[in-house]
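Student: Return atomic coordinates for the entry below.
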Amino acid sequence: MKVKIFLVNNCSYCKKLEKLLNKANIEFETFDIKTKEGDKIFKPIFEITQSELVPTVLIDGKHILVPEISFKTIDMCFEIILKILKEEIK
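Tutor: Presented below is the predicted three-dimensional model:
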């Protein structure tokens, strides 16, 4: 299961999500959307969501979680990620 987090390096919300995922031993990749490489990977996600809010999460290329659309808090985002990962493992 691939979890990708699109973020901005100095974002406190992004750092909190990273800490939660690390604590739960969930593997993930991060992409800073302010870099050329990160922006290139994020562009198709932006075309779908029309949102540059971070952290935006892509799970297994199927599930997109966007702040203020999919979740209101980082804790809520983390819980949704856990739920999706558990459902995908079944």
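Student: Only C-alpha atoms from now on, for both contacts and neighbour counts.
Tutor: Will do.
Student: Report all helices and strands that the lowest-mean-pLDDT helix or strand in the chain contacts.
Tutor: Scoring the helices and strands of the chain by mean pLDDT, DSSP states H and E places helix 74-89 at the bottom, with a mean of 92. Contacts defined by 3 or more C-alpha pairs under 8 Å, 6 or more residues apart in numbering; DSSP states H and E place helix 74-89 against helix 12-23.
Student: relative to helix 74-89, how tilted is the helix it packs on?
Tutor: With axes from the mean of the first three to the mean of the last three C-alpha atoms, to 10 degrees defining the directions, helix 12-23 sits at 40 degrees from helix 74-89.
Student: Renumber starting at 46 from here on
Tutor: Shifting the count to begin at 46 puts that one at helix 57-68.
Student: what packs against helix 57-68?
Tutor: helix 119-134.
Student: let's see it at 6 Å
Tutor: Of the remaining helices and strands, none touches helix 57-68 by 3 or more C-alpha pairs under 6 Å, 6 or more residues apart in numbering; DSSP states H and E.
Student: Okay, buried residues for that helix please.
Tutor: Within helix 57-68, the residues scored as buried using 16 or more other C-alpha atoms under 10 Å are 58-60, 62-63, 65-66.
Student: Kindly state the pLDDT recorded for Ile109?
Tutor: At Ile109, the pLDDT value in this model is 96.
Student: How about Glu74?
Tutor: 97.
Student: go on, Ile86?
Tutor: 95.
Student: do the same with Lys135
Tutor: pLDDT, Lys135: 59.
Student: what number of residues lie near Phe51?
Tutor: 26 (other C-alpha atoms under 10 Å).
Student: Tell me what it is bridged to.
Tutor: Phe76, Thr101 (DSSP bridges).
Student: For it, give its distance to Glu132.
Tutor: Shown here: Phe51 relative to Glu132, a distance of 22 Å by C-alpha to C-alpha, to the nearest Å.
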